[in-house]
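A.B. asks: I'd like to go over a predicted model; first the sequence, then the structure.
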Amino acid sequence: MEGVCSAQVQAQNEQAEYLRLRGFGPHLASREAMRLQTLLDIPYGMANGRLLSLDALRPKGGSEVRLPVVLWLHGGDWYSGNKRNAVDKHMLDFLVRSGFVVASAEYRLSGEASFPARIHDVKAAIRWLRARPEMLGINPQRVALAGFSAGAHLAVLAATTVGVPELEGESGSPGYSTSVQAAIAMAAPTDFTRNPSATDSSLNPNSVGGVTPEQRLLGGRIEELPTLTRLANPATFIGPDMPPILIIHGRDDDIVPVSQAEYLYQALNGNGAEVTFIRVEGGNHGCWPAGHSYPSKRWMLGS
């Protein structure tokens, strides 16, 4: 158990160090004493006649230094979850203490809209960050994506599909680039066609009424929607010009098989992209030990 906990903390540290070594910074002094500022429900775009918003965490106090930003995307099978968890559960405080601003964005869920609505929302948030850097005191040339599970899927998809017309959308400051400088994916579904639990509801404990989360995402059976499935698969778009990507996945994940991470790693590595893969021994979905629910502040911060 302690070994897995150590792996979780190591992976947490790897995320901050991974970004820092790729031009994200600066390394702020007195990290442990740093006070955090919380900004809630900042509108970043419009969809279906309603505002889309994000929450943000940043170091408190005036600073002339424009900080890099990590856009966090929550998990929840694309049909549940909440951007506020990152703030309320102190999940990402460690990134702020390492010198980053964190923005946690909402996106439309399966009950509200079908794919590609979610990726449109993610890209709208990226455009807004680039268009309004003064709102959060960020460097618009240092934008990274990070997510867990469904959010990790969207993070990788956004990172690998810059300029794909079907996936760009129009909300959130049109005209700005949706390119990012790095992405971190924890427990990400990456290729629906190579994941049996995406097509067979009996293999996925998160299926509802015989429908898998992937089928809810797309609005139908995967085998009946080849064009949409192709667009939803990050593996479709991988090439040599990808940003650096960090993959973190539990070896014993019973929701998203670790083979999904392996497929992504092999595709990125085979195309000459910069990729790092941390396989957490004994880790389940989310990379923490079996039998533990969603991590508390104590677990995530390693305190």
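C.D. replies: Yep, that arrived.
A.B. asks: going forward, measure contacts and count neighbours with C-alpha atoms only.
C.D. replies: Fine.
A.B. asks: with adjacent residues omitted, what lies nearest to the residue nearest in space to the middle of the chain?
C.D. replies: In the chain, the centroid-proximal residue (CA atoms, centre = their mean) is residue 147; its distance is 2.0 Å. Spatial nearest neighbour of residue 147, chain neighbours left out: residue 73 (4.6 Å); criterion: CA to CA, 6 or more residues apart in numbering.
A.B. asks: give me phi/psi at the one you found?
C.D. replies: The phi/psi pair for residue 73 (degrees, to the nearest 10) reads phi -120, psi 120.
A.B. asks: so that it lines up with my notes, have the first residue be 58 from now on.
C.D. replies: All right, first residue 58 from here; so that's residue 130.
A.B. asks: and whichever strand or helix holds residue 103, what does it pack onto?
C.D. replies: Using DSSP states H and E, residue 103 sits within strand 93-104. Contacts defined by 3 or more CA pairs under 8 Å, 6 or more residues apart in numbering; DSSP states H and E place strand 93-104 against strand 107-116, helix 174-188.
A.B. asks: for residue 198, helix, strand, or coil?
C.D. replies: strand (DSSP: H, G, I helix; E, B strand; the rest coil).
A.B. asks: pLDDT score assigned to the closest residue to residue 249 other than its chain neighbours?
C.D. replies: Nearest residue to residue 249, sequence neighbours excluded (CA to CA, 6+ apart): residue 255, at 5.9 Å. If you check residue 255, the pLDDT there is 89.
A.B. asks: repeat that for the one 3 residues further on.
C.D. replies: In this prediction, residue 258 carries a pLDDT score of 89.
A.B. asks: with residue 120 instead?
C.D. replies: Turning to residue 120, the model gives it a pLDDT of 63.
A.B. asks: got it, and residue 82?
C.D. replies: 57.
A.B. asks: what's the answer for the one 4 residues further on, then?
C.D. replies: Residue 86 carries a pLDDT value of 40.
A.B. asks: what's the answer for residue 129, then?
C.D. replies: Reading off the model, residue 129 has pLDDT 96.
A.B. asks: on that earlier part again, quick one: contacts for the residue nearest to residue 249?
C.D. replies: By CA atoms under 8 Å, 6 or more residues apart in numbering, the contact set of residue 255 is 249, 261, 269-272, 279.
A.B. asks: residue 253 too?
C.D. replies: Residue 253 neighbours (CA under 8 Å, 6+ apart): residue 260.
A.B. asks: distance of it from residue 105?
C.D. replies: Using CA to CA, to the nearest Å, residue 253 is found at 33 Å from residue 105.
A.B. asks: please apply the same query to residue 127.
C.D. replies: Look at residue 127 and residue 105: by CA to CA, they are 26 Å apart.
A.B. asks: so residue 300 sits against residue 241, correct?
C.D. replies: No - assessed by CA atoms under 8 Å, residue 300 is found out of contact with residue 241, at 10.4 Å.
A.B. asks: quick one: the helices in this protein?
C.D. replies: For the chain, helices defined by DSSP state H occupy the ranges 59-78, 142-145, 150-154, 174-188, 190-193, 207-217, 222-225, 253-256, 270-275, 283-289, 315-327, 354-358.
A.B. asks: still on that earlier bit, just the helices and strands packed on strand 93-104: most buried one?
C.D. replies: helix 174-188 (a mean of 25; mean count of other CA atoms under 10 Å).
A.B. asks: model confidence over that one, on average?
C.D. replies: Mean pLDDT, helix 174-188: 97.
A.B. asks: with stretch 301-315 instead?
C.D. replies: pLDDT averaged over stretch 301-315 gives 91.
A.B. asks: end to end, how far does it reach?
C.D. replies: 20 Å.
A.B. asks: please enumerate residues in contact with it?
C.D. replies: 68, 72, 75, 206, 213, 238-246, 252, 254, 261-263, 318, 322, 330-345.
A.B. asks: now tabulate the contacts of residue 255 in JSON lines and tack on neighbour count.
C.D. replies: Converted to JSON lines, those look like this (neighbours: other CA atoms under 10 Å):
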{"residue": "249", "neighbour count": "21"}
{"residue": "261", "neighbour count": "19"}
{"residue": "269", "neighbour count": "24"}
{"residue": "270", "neighbour count": "24"}
{"residue": "271", "neighbour count": "26"}
{"residue": "272", "neighbour count": "23"}
{"residue": "279", "neighbour count": "21"}
